[in-house]
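**Q** Need a 3D model of the sequence below.
(one chain, ligands or ions: 1)
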Amino acid sequence: MSKQEINRCEVLEKQLSNYKLWADMVPKGSFFQNLRKIFSRTEWDIIRKAVYKKDGHICVICGTENAKLEAHEEWNYIYRSSIQKLESICSLCYWCHRNKHLGHSSILSRKGKLDLDKLISHWAIVNKKPKFDFREYTNKVFDL
Ligand SMILES: [Zn+2]
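**A** Have a look, this model is predicted:
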């Protein structure tokens, strides 16, 4: 990454962290890389169930109870030294998880496999913002 790209990523992450629910910024070289691919299905089931138990079986962002949870990997990207460090794995509901992976979600939406309006509604409720703020927010996210 160039110094200019590194600076833009760092500034953007700071801006996005003002939201309660915001999309993870993933460097291109790390697209589609995840722990789930490393472990067997059985091993991953043990890990994700331990994560759900650790989090009290609720979504750690919106607090939804009794939802089908998904395990989300929280990575810290240290752009200046090209280091990717796993910070934690947390429990998210479906719509918070889709918001975290906004780039992938937009691809699914274009294929008709994801209801973008539901994703935006969830984002608006969790962030206590009007739905029309989502456009400005996504302009920031995809302005890389
Ligand atoms: Zn949630």
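**Q** C-alpha only now, for contacts and for neighbours.
**A** Noted.
**Q** do you know how far the most centrally placed residue in the chain is from Lys3?
**A** By Cα atoms, centre = their mean, the chain has its centre lying nearest to Lys100, at 1.9 Å. The span separating Lys100 from Lys3 equals 25 Å under the rule Cα to Cα, to the nearest Å.
**Q** Check Trp95 too.
**A** Distance from Trp95 to Lys3, by Cα to Cα: 34 Å.
**Q** Equivalent analysis for His101, please.
**A** 25 Å.
**Q** just Thr42 next, same as before
**A** Taking Cα to Cα, one finds Thr42 at 42 Å from Lys3.
**Q** Just the buried positions in stretch 88-100, please.
**A** For stretch 88-100, a neighbour-count test (16 or more other Cα atoms under 10 Å) marks 89-100 as buried.
**Q** How about stretch 43-61?
**A** 44, 48-52, 57-61.
**Q** any chance of those residues in TSV, plus pLDDT and secondary structure?
**A** Formatted as TSV, these follow (pLDDT from 0 to 100; DSSP: H, G, I helix; E, B strand; the rest coil):
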residue	pLDDT	secondary structure
Trp44	95	helix
Arg48	96	helix
Lys49	97	helix
Ala50	98	helix
Val51	98	helix
Tyr52	97	helix
His57	97	coil
Ile58	97	strand
Cys59	98	coil
Val60	98	coil
Ile61	97	coil
